[in-house]
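>>> Sequence and predicted structure are below.
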2 protein chains.
Amino acid sequence: MPLSDELLHKIADVLKAMADPTRLKIIHSLHNGELCVSSILEAVGGSQANISKHLSVLKRAGLVDCRREGLNVHYRIIDDGVFTICRNVCDSLEERLDRERAAVVSGRRQMEEEEWGEAVMAPSDGDH
Amino acid sequence: MPLSDELLHKIADVLKAMADPTRLKIIHSLHNGELCVSSILEAVGGSQANISKHLSVLKRAGLVDCRREGLNVHYRIIDDGVFTICRNVCDSLEERLDRERAAVVSGRRQMEEEEWGEAVMAPSDGDH
DNA sequence: TACATCTATCACCAATTACGAATATAGTCT
DNA sequence: AGACTATATTCGTAATTGGTGATAGATGTA
(Lines give C-alpha, C1' and ligand atoms only; values in the text may rest on other atoms or scores of the structure.)
Protein backbone atom coordinates (compact mmCIF):
# COMPACT_ATOMS: atom_id res chain seq x y z
CA MET A 1 0.00 0.00 0.00
CA PRO A 2 1.91 2.99 -1.33
CA LEU A 3 -0.56 5.49 0.17
CA SER A 4 -1.35 7.78 -2.73
CA ASP A 5 -0.33 11.42 -2.69
CA GLU A 6 -3.94 12.39 -3.19
CA LEU A 7 -5.05 10.55 -0.06
CA LEU A 8 -2.19 12.04 1.93
CA HIS A 9 -3.24 15.45 0.77
CA LYS A 10 -6.84 14.84 1.80
CA ILE A 11 -5.82 13.59 5.22
CA ALA A 12 -3.60 16.63 5.63
CA ASP A 13 -6.48 18.91 4.67
CA VAL A 14 -8.75 17.47 7.33
CA LEU A 15 -6.03 17.73 9.97
CA LYS A 16 -5.18 21.27 8.89
CA ALA A 17 -8.80 22.31 9.23
CA MET A 18 -8.84 20.94 12.77
CA ALA A 19 -5.42 22.29 13.72
CA ASP A 20 -6.48 25.57 15.23
CA PRO A 21 -7.61 26.27 18.81
CA THR A 22 -10.52 28.46 17.75
CA ARG A 23 -11.80 25.89 15.29
CA LEU A 24 -11.43 23.14 17.89
CA LYS A 25 -13.48 25.30 20.22
CA ILE A 26 -16.12 25.68 17.54
CA ILE A 27 -16.17 21.94 16.96
CA HIS A 28 -16.51 21.39 20.67
CA SER A 29 -19.39 23.85 20.86
CA LEU A 30 -21.23 21.76 18.29
CA HIS A 31 -20.81 18.57 20.26
CA ASN A 32 -24.42 18.55 21.46
CA GLY A 33 -25.99 19.38 18.13
CA GLU A 34 -26.34 22.24 15.73
CA LEU A 35 -26.02 25.88 16.72
CA CYS A 36 -26.56 29.11 14.87
CA VAL A 37 -23.61 31.42 14.34
CA SER A 38 -24.55 33.82 17.10
CA SER A 39 -24.70 30.95 19.59
CA ILE A 40 -21.32 29.69 18.44
CA LEU A 41 -20.03 33.21 18.76
CA GLU A 42 -21.33 33.33 22.30
CA ALA A 43 -19.77 29.98 23.17
CA VAL A 44 -16.42 30.57 21.55
CA GLY A 45 -15.85 34.31 21.76
CA GLY A 46 -13.93 36.47 19.32
CA SER A 47 -15.13 38.69 16.53
CA GLN A 48 -18.06 37.80 14.31
CA ALA A 49 -15.98 38.07 11.15
CA ASN A 50 -13.33 35.79 12.54
CA ILE A 51 -15.76 33.09 13.64
CA SER A 52 -17.52 33.28 10.32
CA LYS A 53 -14.25 32.77 8.54
CA HIS A 54 -13.30 29.82 10.69
CA LEU A 55 -16.70 28.32 10.00
CA SER A 56 -16.12 28.66 6.29
CA VAL A 57 -12.77 26.87 6.69
CA LEU A 58 -14.48 24.00 8.49
CA LYS A 59 -17.15 23.93 5.82
CA ARG A 60 -14.69 23.88 2.93
CA ALA A 61 -12.92 21.00 4.66
CA GLY A 62 -16.20 19.11 4.80
CA LEU A 63 -16.29 18.92 8.58
CA VAL A 64 -19.46 20.91 9.10
CA ASP A 65 -22.58 21.71 7.15
CA CYS A 66 -25.11 24.48 7.58
CA ARG A 67 -28.69 25.32 6.80
CA ARG A 68 -30.47 28.61 6.80
CA GLU A 69 -33.51 29.22 8.96
CA GLY A 70 -34.76 32.73 8.56
CA LEU A 71 -32.05 35.14 9.58
CA ASN A 72 -29.98 32.48 11.28
CA VAL A 73 -27.63 29.94 9.84
CA HIS A 74 -27.30 26.72 11.81
CA TYR A 75 -24.07 24.76 11.69
CA ARG A 76 -23.58 21.15 12.60
CA ILE A 77 -20.85 18.56 12.60
CA ILE A 78 -21.26 16.30 9.60
CA ASP A 79 -19.27 13.36 10.93
CA ASP A 80 -18.84 12.53 14.60
CA GLY A 81 -15.49 11.08 13.64
CA VAL A 82 -13.95 14.47 14.42
CA PHE A 83 -14.73 13.91 18.07
CA THR A 84 -13.04 10.53 17.95
CA ILE A 85 -9.98 12.17 16.45
CA CYS A 86 -9.93 14.81 19.18
CA ARG A 87 -10.24 12.15 21.84
CA ASN A 88 -7.37 10.21 20.30
CA VAL A 89 -5.15 13.26 20.31
CA CYS A 90 -6.03 13.82 23.96
CA ASP A 91 -5.19 10.19 24.71
CA SER A 92 -1.82 10.65 23.04
CA LEU A 93 -1.16 13.78 25.04
CA GLU A 94 -2.02 11.97 28.23
CA GLU A 95 0.27 9.10 27.38
CA ARG A 96 2.99 11.58 26.68
CA LEU A 97 2.55 13.12 30.11
CA ASP A 98 2.72 9.68 31.68
CA ARG A 99 5.94 8.97 29.84
CA GLU A 100 7.42 12.30 30.83
CA ARG A 101 6.47 11.80 34.44
CA ALA A 102 8.00 8.33 34.40
CA ALA A 103 11.14 9.77 32.86
CA VAL A 104 11.40 12.38 35.58
CA VAL A 105 10.93 9.77 38.29
CA SER A 106 13.48 7.38 36.85
CA GLY A 107 15.83 10.28 36.18
CA ARG A 108 15.60 11.36 39.77
CA ARG A 109 16.21 7.82 40.96
CA GLN A 110 19.21 7.57 38.70
CA MET A 111 20.59 10.83 40.01
CA GLU A 112 20.15 9.63 43.57
CA GLU A 113 21.88 6.38 42.78
CA GLU A 114 24.79 8.27 41.33
CA GLU A 115 24.96 10.34 44.50
CA TRP A 116 24.92 13.72 42.91
CA GLY A 117 21.18 14.00 42.89
CA GLU A 118 20.82 15.44 46.35
CA ALA A 119 22.55 18.67 45.50
CA VAL A 120 20.33 19.13 42.47
CA MET A 121 17.03 17.87 43.77
CA ALA A 122 17.08 18.94 47.39
CA PRO A 123 16.05 22.57 47.00
CA SER A 124 13.16 21.69 44.72
CA ASP A 125 9.79 20.85 46.19
CA GLY A 126 8.27 18.72 43.49
CA ASP A 127 7.03 19.27 39.98
CA HIS A 128 6.20 22.71 38.69
CA MET B 1 -15.80 20.64 31.16
CA PRO B 2 -14.76 24.00 29.76
CA LEU B 3 -11.80 22.53 27.86
CA SER B 4 -8.94 24.80 28.80
CA ASP B 5 -7.28 27.01 26.22
CA GLU B 6 -3.97 25.37 27.00
CA LEU B 7 -5.28 21.92 26.16
CA LEU B 8 -6.88 23.22 22.97
CA HIS B 9 -3.58 24.74 22.01
CA LYS B 10 -1.74 21.48 22.64
CA ILE B 11 -4.24 19.49 20.62
CA ALA B 12 -3.92 22.01 17.81
CA ASP B 13 -0.14 21.72 17.92
CA VAL B 14 -0.24 17.96 17.48
CA LEU B 15 -2.72 18.22 14.64
CA LYS B 16 -0.69 20.97 13.00
CA ALA B 17 2.44 18.85 13.11
CA MET B 18 0.56 16.05 11.37
CA ALA B 19 -1.22 18.29 8.89
CA ASP B 20 1.24 18.08 6.03
CA PRO B 21 1.47 15.44 3.30
CA THR B 22 5.25 15.16 3.52
CA ARG B 23 5.17 14.72 7.28
CA LEU B 24 2.39 12.15 6.98
CA LYS B 25 4.57 10.32 4.51
CA ILE B 26 7.44 10.41 6.99
CA ILE B 27 5.19 9.11 9.74
CA HIS B 28 4.02 6.36 7.44
CA SER B 29 7.60 5.42 6.60
CA LEU B 30 8.25 4.91 10.31
CA HIS B 31 5.31 2.57 10.71
CA ASN B 32 7.47 -0.53 10.87
CA GLY B 33 10.08 0.86 13.21
CA GLU B 34 12.87 3.36 13.30
CA LEU B 35 14.74 4.53 10.21
CA CYS B 36 17.77 6.73 9.71
CA VAL B 37 17.34 10.00 7.85
CA SER B 38 18.79 8.73 4.60
CA SER B 39 16.31 5.83 4.59
CA ILE B 40 13.45 8.21 5.27
CA LEU B 41 14.73 10.40 2.49
CA GLU B 42 14.73 7.40 0.19
CA ALA B 43 11.19 6.41 1.19
CA VAL B 44 9.68 9.87 1.09
CA GLY B 45 11.63 11.73 -1.55
CA GLY B 46 12.40 15.44 -1.65
CA SER B 47 15.49 17.34 -0.66
CA GLN B 48 17.58 16.40 2.34
CA ALA B 49 17.21 19.84 3.89
CA ASN B 50 13.47 19.75 3.56
CA ILE B 51 13.10 16.31 5.12
CA SER B 52 15.41 17.31 7.93
CA LYS B 53 13.26 20.33 8.64
CA HIS B 54 10.07 18.29 8.62
CA LEU B 55 11.70 15.86 11.03
CA SER B 56 12.55 18.69 13.36
CA VAL B 57 8.93 19.83 13.24
CA LEU B 58 7.76 16.36 14.18
CA LYS B 59 10.34 16.22 16.94
CA ARG B 60 9.40 19.60 18.37
CA ALA B 61 5.79 18.45 18.41
CA GLY B 62 6.82 15.39 20.40
CA LEU B 63 5.68 12.91 17.78
CA VAL B 64 9.08 11.38 17.05
CA ASP B 65 12.34 10.87 18.85
CA CYS B 66 15.80 10.17 17.53
CA ARG B 67 19.10 8.66 18.55
CA ARG B 68 22.51 8.88 17.00
CA GLU B 69 24.38 5.78 15.89
CA GLY B 70 27.67 6.66 14.30
CA LEU B 71 27.05 8.84 11.29
CA ASN B 72 23.37 8.08 11.17
CA VAL B 73 20.48 9.48 13.18
CA HIS B 74 17.59 7.09 13.64
CA TYR B 75 14.08 8.45 14.05
CA ARG B 76 11.12 6.61 15.50
CA ILE B 77 7.50 7.29 16.34
CA ILE B 78 7.15 7.88 20.06
CA ASP B 79 3.47 7.08 20.35
CA ASP B 80 1.59 4.73 18.04
CA GLY B 81 -1.45 6.90 18.71
CA VAL B 82 -0.53 8.89 15.60
CA PHE B 83 -1.39 5.87 13.49
CA THR B 84 -4.75 5.57 15.20
CA ILE B 85 -5.40 9.21 14.43
CA CYS B 86 -4.49 8.71 10.78
CA ARG B 87 -6.75 5.73 10.56
CA ASN B 88 -9.60 7.71 12.09
CA VAL B 89 -9.17 10.46 9.55
CA CYS B 90 -9.23 7.87 6.78
CA ASP B 91 -12.39 6.39 8.24
CA SER B 92 -13.99 9.81 8.22
CA LEU B 93 -12.98 10.37 4.63
CA GLU B 94 -14.44 7.03 3.66
CA GLU B 95 -17.70 7.80 5.41
CA ARG B 96 -17.77 11.10 3.60
CA LEU B 97 -17.42 9.36 0.26
CA ASP B 98 -20.25 7.02 1.18
CA ARG B 99 -22.43 9.97 2.05
CA GLU B 100 -21.59 11.77 -1.16
CA ARG B 101 -22.26 8.70 -3.23
CA ALA B 102 -25.59 8.24 -1.49
CA ALA B 103 -26.41 11.88 -2.19
CA VAL B 104 -25.64 11.46 -5.87
CA VAL B 105 -27.81 8.38 -6.11
CA SER B 106 -30.75 9.95 -4.32
CA GLY B 107 -30.28 13.11 -6.34
CA ARG B 108 -30.44 11.13 -9.55
CA ARG B 109 -33.54 9.35 -8.36
CA GLN B 110 -35.12 12.65 -7.50
CA MET B 111 -34.29 14.04 -10.92
CA GLU B 112 -35.79 11.04 -12.60
CA GLU B 113 -38.92 11.32 -10.50
CA GLU B 114 -39.28 14.92 -11.49
CA GLU B 115 -39.04 13.87 -15.13
CA TRP B 116 -36.29 16.22 -16.20
CA GLY B 117 -33.59 13.80 -15.30
CA GLU B 118 -33.60 11.92 -18.55
CA ALA B 119 -32.30 14.78 -20.60
CA VAL B 120 -29.51 15.37 -18.13
CA MET B 121 -28.61 11.83 -17.18
CA ALA B 122 -29.17 9.90 -20.35
CA PRO B 123 -25.94 10.70 -22.23
CA SER B 124 -23.83 9.84 -19.19
CA ASP B 125 -22.67 6.28 -18.68
CA GLY B 126 -22.02 6.21 -14.96
CA ASP B 127 -19.65 7.86 -12.55
CA HIS B 128 -16.40 9.39 -13.68
C1' DT C 1 46.01 15.68 9.97
C1' DA C 2 42.86 15.68 5.86
C1' DC C 3 38.85 13.88 3.76
C1' DA C 4 34.31 11.77 3.07
C1' DT C 5 29.60 11.05 4.73
C1' DC C 6 25.38 12.02 7.13
C1' DT C 7 22.53 15.37 9.11
C1' DA C 8 21.20 20.05 10.76
C1' DT C 9 20.87 24.83 10.10
C1' DC C 10 21.03 29.28 7.78
C1' DA C 11 19.38 32.80 4.45
C1' DC C 12 16.08 33.73 1.53
C1' DC C 13 11.63 33.55 -1.31
C1' DA C 14 6.80 32.47 -2.35
C1' DA C 15 2.57 31.09 -0.62
C1' DT C 16 -0.58 30.73 3.01
C1' DT C 17 -2.87 32.06 7.25
C1' DA C 18 -5.07 34.67 11.02
C1' DC C 19 -6.82 38.72 12.41
C1' DG C 20 -9.45 43.33 12.54
C1' DA C 21 -11.99 46.91 10.23
C1' DA C 22 -15.07 47.94 6.92
C1' DT C 23 -18.46 46.57 3.73
C1' DA C 24 -21.70 43.49 1.34
C1' DT C 25 -25.51 40.20 1.32
C1' DA C 26 -29.62 37.76 2.80
C1' DG C 27 -33.70 37.68 5.26
C1' DT C 28 -37.32 39.96 8.35
C1' DC C 29 -40.37 43.54 9.83
C1' DT C 30 -43.06 47.91 9.32
C1' DA D 1 -39.82 50.96 -0.25
C1' DG D 2 -36.64 51.59 4.21
C1' DA D 3 -34.76 50.05 8.59
C1' DC D 4 -32.96 46.33 11.10
C1' DT D 5 -30.64 41.79 12.18
C1' DA D 6 -27.63 37.94 11.24
C1' DT D 7 -24.04 36.33 8.57
C1' DA D 8 -20.50 36.44 4.82
C1' DT D 9 -16.88 38.59 2.24
C1' DT D 10 -13.23 41.81 1.06
C1' DC D 11 -9.03 44.26 2.03
C1' DG D 12 -4.70 45.28 4.24
C1' DT D 13 -1.19 43.49 7.22
C1' DA D 14 1.74 40.83 10.24
C1' DA D 15 3.09 36.22 11.19
C1' DT D 16 3.83 31.58 9.85
C1' DT D 17 4.97 27.89 6.66
C1' DG D 18 7.12 25.02 3.01
C1' DG D 19 10.48 25.00 -0.17
C1' DT D 20 15.55 25.56 -2.13
C1' DG D 21 20.64 26.07 -2.23
C1' DA D 22 24.61 26.87 0.45
C1' DT D 23 26.93 25.96 4.47
C1' DA D 24 27.98 24.25 9.07
C1' DG D 25 28.55 20.48 12.41
C1' DA D 26 29.27 15.80 13.80
C1' DT D 27 31.28 11.44 13.12
C1' DG D 28 34.07 7.91 10.95
C1' DT D 29 38.31 6.65 8.07
C1' DA D 30 42.89 6.91 5.83
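Great, that's in hand.
>>> now check stretch A:37-47, is it near DNA strand C?
Yes: applying Cβ under 7 Å from any atom of the strand, one finds stretch A:37-47 in contact with DNA strand C at A:46-47. Any C-beta I mention is one placed from the backbone N, CA and C, and that applies to glycine too.
>>> Need the residues that contact that stretch.
The contact list for stretch A:37-47, computed with Cβ atoms under 8 Å, 6 or more residues apart in numbering or on different chains, reads A:22, A:25-26, A:29-30, A:35, A:48, A:51-52, A:55, A:72-73, A:75.
>>> thought A:Val89 was touching B:Lys16?
No: using Cβ atoms under 8 Å, A:Val89 is not in contact with B:Lys16, being 11.0 Å away.
>>> okay, the two: which has more neighbours?
Higher neighbour count among A:Val89 and B:Lys16: A:Val89, with 26 against 17, using other Cβ atoms under 10 Å in any protein chain shown.
>>> Just the element for the more buried one, please.
helix A:81-113 (DSSP states H and E).
>>> Which strands or helices does that helix pack on?
Where contact means 3 or more Cβ pairs under 8 Å, 6 or more residues apart in numbering or on different chains; DSSP states H and E, helix A:81-113 is packed against helix A:5-18, helix A:21-29, helix A:117-121, helix B:5-18, helix B:81-113.
>>> how about the longest one: buried residues?
Of all the residues in helix B:81-113, those buried under the rule 16 or more other Cβ atoms under 10 Å in any protein chain shown are B:81-82, B:84-86, B:88-90, B:92-93, B:96.
>>> Check the first one too.
Neighbour counts over helix A:5-18 (16+ other Cβ under 10 Å) mark A:7-8, A:10-18 as buried.
>>> Show me just the buried residues among the contacts of stretch A:37-47.
Here, 16+ other Cβ under 10 Å leaves A:22, A:25-26, A:29-30, A:35, A:51, A:55, A:73, A:75 buried among those.
>>> Closest to chain B out of those residues?
Of all the buried ones among the contacts of stretch A:37-47, A:Lys25 has the smallest distance to chain B: 6.1 Å, by Cβ to the nearest Cβ.
>>> Roughly how far does the residue nearest to the closest one when sequence neighbours are not counted sit from B:Ile78?
Sequence neighbours aside, A:Val44 is the residue nearest to A:Lys25 in space, at 4.7 Å (criterion: Cβ to Cβ, 6 or more residues apart in numbering or on different chains). Distance of A:Val44 to B:Ile78, given as Cβ to Cβ, to the nearest Å: 31 Å.
>>> neighbour count winner among those two?
Legend: neighbour count by other Cβ under 10 Å for A:Val44 and B:Ile78, higher for A:Val44 (20 against 17).
>>> Can you tell me how far that one is from chain B?
Taking Cβ to the nearest Cβ, to the nearest Å as the measure, A:Val44 falls 11 Å from chain B.
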